[in-house]
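Enquirer: here's my sequence, what's the structure:
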Amino acid sequence: PGATPVASSGSPACPPASLAAFERLANVATKRAVEGSPIPIEAPIVRMSKAEIVRRGRELGVDFALTVSCYAADAEGRACGECDACRLRREGFAKAGLPDPTRYRGGH
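Expert: Numbering: from 1, shown residues only. Below is the predicted model:
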């Protein structure tokens with residue numbers, strides 16, 4: 001029901017067409033599938049917004065303080081706070097009405 005997720009710079013994170021193509025490939029290129037046990041590719045969050053992902057993660061007990069989305073995290077795992085991934089993550093937490101536990105460099 002949500003929007004197509006966006007990874008960075010406006011590009012889709014995991015478009016459904018890509019997942020379908022990968023599933024088709026897996027089912028013609030693996031012994032298991034060729035022998036009659038197809039491999040389903042499941043991507044439950046592909047149609048969820050960042051806020052929906054954050055809310056669902058919280059319901060499932062995800063410790064988001066242990067995760068990072070930043071493409072430029074430092075050696076200590078601190079996010080830059082400036083890239084598209086950081087911006088989208090921060091917006092997701094804000095729209096979900098939850099505090100963002102991300103460790104950002106420079107207090108972003």
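
Enquirer: pLDDT below threshold where in the chain?
Expert: Applying pLDDT under 70 to the chain flags the ranges 1-14, 107-108.

Enquirer: in it, which spans are helices?
Expert: 16-26, 31-34, 50-59, 84-96 (DSSP state H).

Enquirer: now those as TSV including mean neighbour count?
Expert: Every C-beta, even on glycine, is put in place using the N, C-alpha and C of the backbone. Below are the helices of the chain laid out as TSV (neighbours: other C-beta atoms under 10 Å):
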stretch	mean neighbour count
helix 16-26	13
helix 31-34	12
helix 50-59	17
helix 84-96	18
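
Enquirer: among those helices, which is nearest Pro40?
Expert: Checking those against Pro40 by C-beta to C-beta gives helix 16-26 as the closest, at 6.8 Å.

Enquirer: okay if I get the helices of the chain as a markdown table plus distance to Gly106?
Expert: Listed next are these as a markdown table, based on distance: least, C-beta to C-beta, whole Å:
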| stretch | distance to Gly106 |
| --- | --- |
| helix 16-26 | 35 |
| helix 31-34 | 48 |
| helix 50-59 | 22 |
| helix 84-96 | 12 |
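
Enquirer: between the ones you listed, which one is closest to Ala72.
Expert: Nearest to Ala72, of all the helices of the chain, is helix 84-96, at 8.5 Å by C-beta to C-beta.
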